[in-house]
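> My questions concern the predicted model and sequence given below.
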Amino acid sequence: MNLKIKKKTRLFSLLLTFTILTGIFSGLSFKMQNVYAIGSNQMNDATELTLGEKQKISIDADEYKYFCFIPSVNATYNFTSFGNLDTYVYLYDSEGKGLEDNDDDGNGNNFCISYSLETGKKYYFRVELYDSGENGQFDVILTIDNNLSATYKGYDSQDDFSYFYNSSCILSSPYNGQKKLEVVATADEMDGIKYEWYKSDYYSNLRGYNGYSYESIAGIEINYTKIDKKTATITTDNITKDTSYKCIVIDKYGNEATVCFDICIESNLSAWTDNEIIGNYSNIYFKEVYADSEGNCTLTAESSGDDITYEWYFDTSGYGEWSVLKKAKSKTLTIRDACDGESYACIVKDKYNNYFVIYYYITTTYNMNNFNAWPEGEENTDNEKIINIKPDTSATFEVSISGDDTSKVTYEWYDCSNDIEDEKIDGASSNKYTIDKISSSKYYYCKVFDGYDTTKYVFFYVILDSGYDAWADGYSTKDNVKIYANTNDKVTLKAASNDENASYSWYTDESDKLGSSDKCIVTAGDGVKKYRCYVSFSDGNSKVIYYYVINKKYECVSVAYKTQIQSSSWEKSYVKNGQTSGTIGKRKRLEAIQIMLTDKNGKKLDSSLGSINYRTHIQSKGWEKSYIKDGDISGTVGKGLRLEAIQIVLDGEISSYYDVNYRVHTEKFGWLEWAQNGQRAGTAGYGYRLEAIQIKLAEKKDEFFSDYTSYGYPIKEFKLIDNKLVSSYYDKNSIPNVIYKVQVQSIGWEKNYVSSGETSGTVGKSKRLEAIKICFDNKFDFKSYFYGNYAKGLNYRTHIQKYGWQKFVTDNELSGTVGKSLRLEAIQIKLRGPAADIFDVYYRVQAEKFGWLGWAKNGQSAGTAGYGYRLEAIQIQLVYKDTPAPGTITGTFKSK
């Protein structure tokens, strides 16, 4: 491993953090700000957009294209791209101020930006390529949002061998058979809906995953040909090979929605790897393979069917650029000296051209010892520590460790003062290292070996602290100063420091330099203007101070709200600014809500400044189709229906200066985390009532300051706060299925897997469990769920009669024995990888004489010890992290 590269990457991450806190590298923030503003030259060069009309763009790497538009009606508009290039878009107002940006319409490369535009105002769009190495052509179109959507109809039954996957309806047909295809479209305005049909001789098994589809691996170009069909329902030609039909639904505004029907020939093709059945209709699979210490492993693709062939491919770039391995034509492929993260794919095909794709992700750093190392005094999820120290004093670094076996752990310490090469410190071989009389900022790291091929790096950053500080002078707060003024008022900004030799630099939000003294005079505008003062200290450290000059019309804006409560009707008066509306501890449902914005006098805010929009998820009805606003009723009155979730968002000018934050108290879950600006708050799939709500407005902070740290998952409501993953919204239907089956005494392996809390084994028959396999349902798309980190996993081990506890196995590997008539007595199950951060795994067992025990969790023991009692059945279920268990959690394990 290139340690220097890795170390520098981590240092850059740290320095970026320092930039946020102290302004050491001010240039980083300037570059990030510039993407949100454009100048007059770009405005003058902008091409005018015509509503509902596609425009083709030819674009080179690092080139920008500018467009402009003046709405004739107030509405939400969509600006969308179509093509195979990875595109990005920014939206600006008439002054060139950034309003919104977008990279992904939910289908991979194309963007789709949705925003409420006002009549008569001019707006600008900047279009560019996300990857500077690309160039080519794509289309763009501006439309009025009509909430157009389309799906398939009529293929729900098992007899049709169909399911819906990644925007495709997957069908099978007898050789030379036909299929009826039907599309169902919905929109706010249905008049003028048109249907266009297209056909292709190939279909993709992974729509939307650029680089990981059958055609991208095999180098097949899928081209659709338009056919003479214009209705919502058609009958296909006779199916003699893999075929795809695509229907594009177009509304009167030019919005499009696409439904694909992928049809394969019925066959007995099946494929699997390491005893893991992929199945007849779920024709994709990701397999994590662990190489040995020398990087060697064997990939296996078993199959059954007629005239099977195997094609092997290697991902040459790590980003879906596949190269065929021409000599590899058998069901196995041996890899030598593999690197961590290498990807391979095997396409298994039969004579009808049906296929399965198996993806192999090679891991050379699997942590079988469950080893971890971190700085003493920090959380065990951290691998770095910042130490502020006075000049000419000493510091001691200490590493803490954990693991199944820590007896073989060794340590190496390195000094990183030399930018060319890290210097190993002779004689430093324990978990502690002390340095004396530090005279400059520097950093060190400890390389920790567990003796089982796992290495951890722990970093210590020493920051020299001379005690210098800087602050906003003459204000009630020392930073993030808010100053209210009328348009064109002159405002004097002041800064001060306890370092007599400190220097000052003032900048606008657009990074224009304003001055170099301890004060700066600026002019108030109609909205909010942001300024920064960078104070550089004589010891080399620095600090940044932020100022916000805000027009007085936005002063003291607040939010007021009230709810209708079960059996109590409407609350008598509005509450405001984070107060609780509803009840706690009374088990009463919320049935409706009213929300409005108020000015500093408590009166309803002038609508010209903006509005507050909201909608609720209602029992038996789902989400309301459109948002309610400004005091109107969302929910139902007199119907006894519970609210289950809510979304709230600001619109108009006010949304540029305030965020709306809200949280709900739900049945069983209690208070959930705060949601913000349209995020969902509540639950789905549980049937739980909302019982109370709190809503508050907060002035927008500088983009470098945030209450929350994003955790990097596509579930946007999840946040990492104090190293704990929390959410404002829990959707039961988004929890992946854990599937499992057991070998039962005198019965053998169960024929089918059961899932998510169902019973595997027998109850009341006195039959022992002898072995078990556990994995995630292959239909669950971990690659999408975890933004490309599809190293999913379950680890589990069993306690076997005579043998005791066995080693952990993973992902459908067998734990237990076959053919030895030995009982399982206990089990431990735990998650690994990203899944462990979002979910808890619960499991309980039926034990001889004890019956059902309590629900164990995340590696706890379930079963018995010392009794010689058999396990007879098991149930396994995932829930969101730190949410209620499926049942009682006491009495999970009985021991003598």
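Noted; the coordinates are in hand. Only a predicted model underlies this, so the values are computations on that prediction, with no experimental measurement involved.
> going forward, measure contacts between C-alpha atoms and count neighbours the same way
OK.
> ok, the residue lying closest to residue 559 once chain neighbours are set aside to residue 651 distance?
Leaving out its chain neighbours, the residue that sits closest to residue 559 by C-alpha to C-alpha, 6 or more residues apart in numbering is residue 597, at 4.5 Å. Note on residue 597: its distance to residue 651, by C-alpha to C-alpha, to the nearest Å, is 11 Å.
> any shared contact partners between those two?
Both residue 597 and residue 651 are in contact with 611-612, where contact means C-alpha atoms under 8 Å, 6 or more residues apart in numbering.
> Same drill for those two, tell me which one is more crowded.
Between residue 597 and residue 651, counted using other C-alpha atoms under 10 Å, residue 597 has the larger neighbour count: 25 against 18.
> give the contact list for that one.
Listed by C-alpha under 8 Å, 6+ apart, the contact partners of residue 597 are 557-560, 604-605, 611-612, 630.
> Also residue 604?
Neighbours of residue 604 in contact, by C-alpha under 8 Å, 6+ apart: 596-598.
> rerun at 6 Å
Neighbouring residues of residue 604 by C-alpha atoms under 6 Å, 6 or more residues apart in numbering: 597-598.
> gap between the closest residue to residue 452 other than its chain neighbours and residue 430?
Spatial nearest neighbour of residue 452, excluding adjacent residues (C-alpha to C-alpha, 6+ apart): residue 369 at 6.7 Å. Separation of residue 369 from residue 430 (C-alpha to C-alpha) stands at 20 Å.
> What of residue 643?
On the measure of C-alpha to C-alpha, residue 643 and residue 430 end up 58 Å apart.
> Tell me which helix or strand the residue nearest to residue 559 sits in.
Per DSSP states H and E, residue 597 falls inside strand 590-598.
> mind listing what the helix or strand following that strand pairs with, with the direction of each?
Following strand 590-598 in sequence order, the next helix or strand is strand 611-618 (DSSP H and E). Using DSSP bridges, strand 611-618 pairs in its sheet with strand 622-623 (antiparallel), strand 628-629 (antiparallel), strand 643-651 (antiparallel).
> Can you get me a residue count around the nearest residue to residue 499 once chain neighbours are set aside?
Spatially, and ignoring its direct neighbours in sequence, residue 499 is nearest to residue 468 (5.8 Å; C-alpha to C-alpha, 6+ apart). Using other C-alpha under 10 Å, residue 468 is surrounded by 17 other residues.
> Show me what the helix or strand containing residue 529 is packed against.
For residue 529, the host element (DSSP H and E) is strand 528-536. Judged by 3 or more C-alpha pairs under 6 Å, 6 or more residues apart in numbering; DSSP states H and E, strand 528-536 is in contact with strand 503-508, strand 542-551.
> hey, which of those strands is tucked in deepest?
strand 542-551 (a mean of 22; mean count of other C-alpha atoms under 10 Å).
> hmm, who's touching that one?
22-24, 479-486, 526-536.
> got the residue ranges for the helices in this structure?
For the chain, the helices defined by DSSP state H cover 3-22, 26-34, 40-44, 214-218, 782-785, 835-838.
> Grab the nearest non-local neighbour of residue 894.
residue 864 (4.6 Å).
> Could you list which residues are in contact with the one you found?
825-826, 893-895.
> Go again with 10 Å.
799, 824-827, 845, 847-848, 850, 853, 870-871, 892-896 (C-alpha atoms under 10 Å, 6 or more residues apart in numbering).
> Tell me how the protein divides into domains.
For the chain, automatic domain parsing gives the domain ranges 35-143, 149-265, 270-363, 368-464, 556-718, 735-895.
> Tell me which of these sits nearest to residue 521.
Ranking those by proximity to residue 521 (C-alpha to C-alpha) places domain 556-718 first, at 20.4 Å.
> Retrieve the pLDDT associated with the residue lying closest to residue 740 once chain neighbours are set aside.
Spatial nearest neighbour of residue 740, excluding adjacent residues (C-alpha to C-alpha, 6+ apart): residue 774 at 4.4 Å. Listed pLDDT for residue 774 reads 93.
> Same question for residue 679.
Predicted confidence (pLDDT) for residue 679: 90.
> Same question for residue 82.
So residue 82 comes in at 82 (pLDDT).
> surely it meets residue 255?
No. With contact defined as C-alpha atoms under 10 Å, residue 82 does not count as touching residue 255 (11.7 Å).
> Common neighbours of those two, please.
residue 141.
> So for those two, which sits in the more crowded spot?
residue 255 (24 against 19).
> Hmm, that one is touching residue 144, no?
Yes. In this structure, residue 255 is within contact of residue 144 by C-alpha under 10 Å, at 7.7 Å.
> Run a quick check on the residue nearest to residue 452 versus residue 454, I expect a contact.
Yes. Checked against C-alpha under 10 Å, the pair residue 369 and residue 454 is within contact range at 8.0 Å.
> residues contacting the closest residue to residue 561 other than its chain neighbours?
The shortest distance from residue 561 to any non-neighbouring residue, by C-alpha to C-alpha, 6+ apart, is to residue 595 (4.3 Å). Residues in contact with residue 595 (C-alpha under 10 Å, 6+ apart) are 559-563, 574-576, 611-614, 628-634, 648, 695.
> Please apply the same query to residue 739.
Residue 739 neighbours (C-alpha under 10 Å, 6+ apart): 752-758, 760, 773-778, 812, 875-877.
> If any of the residues you listed are buried, put those into a ChimeraX selection.
In ChimeraX syntax, the buried subset of those is picked out as below (16 or more other C-alpha atoms under 10 Å):
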select :753,754,755,756,757,760,773,774,775,776,777,778,812,875,876,877
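> re the thing from before, lowest average pLDDT across the helices and strands packed on strand 528-536?
strand 542-551 (a mean of 90).
> burial of the residue lying closest to residue 290 once chain neighbours are set aside, as a residue count?
With C-alpha to C-alpha, 6+ apart as the criterion, residue 290 has its nearest non-adjacent residue at 4.9 Å, and that residue is residue 363. Neighbour count for residue 363, taken as other C-alpha under 10 Å: 21.
> In PyMOL, select just the buried ones from the contacts of residue 864.
In PyMOL, a selection of the buried entries from the contacts of residue 864 looks like this (16+ other C-alpha under 10 Å):
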select buried, resi 799+824+825+826+827+845+847+848+853+870+871+892+893+894
